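*Asks:* Sequence first, then the predicted structure, then my questions.
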Amino acid sequence: MKGYHIAVVGATGAVGQEILRVLEQRNFPVASLRPISSARSAGKSVRFRDEPVSVQQLKEHSFEKIDVAFFSAGGEISRKYVPIACQAYAIVIDNSSVFRMDEHVPLVIPEINADDARRHRGLIANPNCTTAITLMALFPLHRAFGVRRIFAASYQAVSGSGTRAIDELTEQTKSAQLATASPSVGGQDRQLTAEVYPHPIAFNLLPHVDSFLETGYTKEEMKMQNEARKIMHLPQFCASVTCVRVPVYRAHSIAVSAEFERTVSVERAREILAKAPGLELVDEPQNNRYPMPLSVSGKDNCQVGRVRLDCAFENGLSFWVSGDQLLKGAALNAVQIAELL
């Protein structure tokens, strides 16, 4: 098999490190690796196949002789450097939201719309992590029953905001253990310093992921509807979502109530979900078995459970899905896209 010259932009970040690990774990044919980061991290080294590889500073000539470039360094970096990488004839797989809704850029989850990737013009977008995890369970049901709309609430881990958010949760948890003020009068809140988020995240929930729009929804919440429409080729699909940041280190979960065009049954839904690629059915609530962040952290597959008829819809199913957003929501999905090529 031919080896490919690979660049990873944002190699020292949470997702970048996972991309390196997934490339190695899946034995992707890497002829050479070029880890790239900001000036602050340049000169450090990352490990790949038990060897240290020096991290290079991101520059305009960073993509010479590169076959595939993974971008995971934020929207500003992607907006500036993705066109440069494409001009250097690298195929770019971008984790940011910058190009996802561009009609000329495929937005791909390989288990769902792999054919879209083959129509790329040098750039393929990786979907939002919450969207990807949700669709891993929703799309197989859509193929059987025809989804019309969903109502959903996400429970999103802090690692979705990067390593600074992970560190902040750790420090706030330590500080809270030392605090003596009563939480009932807001004393605990004043004891905790928040920098990454507008409020402390330890022992707290924030119904606020990404910036707010004039509609009252956040950008993150609208990604579910807009990206799902593009991935599923379903322009009439509707999603009303509330995204919540929770004090969990890793793995997102989503509670979904879905309305379908055709009559549904729990038995048929479970059969479908049990056979879906990249998904495990964990649905024995009577035995306390259901998907949890702890169960899926570090694992490739998402898990779905709590499958039941929705009592508010005539043709409705409710379910709960969990997945590692650093993997299926980011690094794993990106490497799977590269494998399609």
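*Replies:* Thanks, I have the structure now.
*Asks:* hey, let's count contacts and neighbours off CA atoms from now on
*Replies:* Will do.
*Asks:* center of this structure - which residue?
*Replies:* residue 129 (1.9 Å; Cα atoms, centre = their mean).
*Asks:* from the chain's centre, how far out does whichever strand or helix holds residue 76 sit?
*Replies:* Residue 76 is part of helix 75-87, with elements assigned from DSSP states H and E. Using Cα atoms, centre = their mean, to the nearest Å, the mean C-alpha position of helix 75-87 is found 20 Å from that of the whole chain.
*Asks:* May I have it exported as PDB, CA atoms only?
*Replies:* In PDB, the C-alpha atoms belonging to helix 75-87 read as follows (Å, rounded to 0.1, in the frame of the first residue of the first chain):
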ATOM      1  CA  GLY A  75     -11.600  28.500  12.700                       C
ATOM      2  CA  GLU A  76      -9.200  31.400  12.300                       C
ATOM      3  CA  ILE A  77      -6.300  29.100  11.400                       C
ATOM      4  CA  SER A  78      -8.500  27.100   9.000                       C
ATOM      5  CA  ARG A  79      -9.800  30.200   7.300                       C
ATOM      6  CA  LYS A  80      -6.300  31.400   6.600                       C
ATOM      7  CA  TYR A  81      -4.300  28.200   6.000                       C
ATOM      8  CA  VAL A  82      -6.700  25.700   4.400                       C
ATOM      9  CA  PRO A  83      -6.700  27.600   1.100                       C
ATOM     10  CA  ILE A  84      -2.900  27.600   1.200                       C
ATOM     11  CA  ALA A  85      -2.800  23.900   1.900                       C
ATOM     12  CA  CYS A  86      -5.200  23.200  -1.000                       C
ATOM     13  CA  GLN A  87      -3.100  25.400  -3.300                       C
END
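*Asks:* So what touches that helix?
*Replies:* Contact with helix 75-87 is made by 60, 62-63, 69, 71-72, 91-92, 94, 96-98, 122-123, as judged by Cα atoms under 8 Å, 6 or more residues apart in numbering.
*Asks:* got it, and stretch 233-250?
*Replies:* Residues outside stretch 233-250 that contact it (Cα under 8 Å, 6+ apart) are 147-160, 166, 169, 201-209, 217, 220-222, 224-225, 228-229, 293-294, 297, 324-326.
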